[in-house]
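Participant: my questions concern the predicted model and sequence given below.
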Amino acid sequence: MKIKCPKCKEDAELAMDFSVVKCGSCDFDMSYGEYVKFVAYNESKYSDILGDYTGSTEGHTSGSLDEWD
Ligand SMILES: [Zn+2]
């Protein structure tokens, strides 16, 4: 079935038996287990970026969390 390639964001193909993920648009080719780790790793990086973004904008806007003080 089609899933999103974590590398190039194009359509990748997940084997019916969940054994392998292959992308035709780039050279992405991993076992499903590696794919899950790859995605989790990238999403944690993405969350860090979002966290930094939230942290850097804090102070510029009146944070709703301040209302708890
Ligand atoms: Zn790809």
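Facilitator: Ah, there it is.
Participant: what does this structure put close to the ion?
Facilitator: 5, 7-8, 23, 25-26, 28 (CB under 5 Å from the ion). C-beta coordinates here come from the backbone N, C-alpha and C atoms, glycine included.
Participant: now the buried members of the residues you listed.
Facilitator: The neighbour-count test (16 or more other CB atoms under 10 Å) marks 5, 7, 23, 28 as buried among those.
Participant: for residue 46, state which of these is nearest.
Facilitator: residue 7 (13.9 Å; CB to CB).
Participant: what's the farthest-apart pair in the buried ones among the residues of the chain next to the ion?
Facilitator: Applying CB to CB across those, the maximum distance is between 7 and 23, 6.6 Å.
Participant: so which residues of the chain form strands?
Facilitator: With DSSP state E as the criterion, the chain has strands at 2-4, 11-14, 20-23, 29-31.
Participant: give me whichever of those strands is most buried.
Facilitator: Counting by mean count of other CB atoms under 10 Å, strand 20-23 has the highest mean neighbour count of those, with a mean of 18.
Participant: average model confidence for that one?
Facilitator: The pLDDT scores in strand 20-23 average 96.
Participant: start the count at 209, not 1, going forward
Facilitator: Right, with 209 as the first residue, what we last looked at is strand 228-231.
Participant: what comes into contact with that strand?
Facilitator: 211, 213, 215-216, 218-223, 236-240, 243 (CB atoms under 8 Å, 6 or more residues apart in numbering).
Participant: now do the helices in this protein.
Facilitator: Along the chain, counting by DSSP state H, helices occupy 240-265.
Participant: out of the buried ones among the residues of the chain next to the ion, who's nearest residue 256?
Facilitator: Nearest to residue 256 among these, with distances taken as CB to CB, is residue 215, at 18.8 Å.
Participant: for stretch 238-251, which residues meet the burial criterion?
Facilitator: 238, 243.
Participant: ok, residue 239 to the ion distance?
Facilitator: Between residue 239 and the ion the computed distance is 16 Å (CB to the ion, to the nearest Å).
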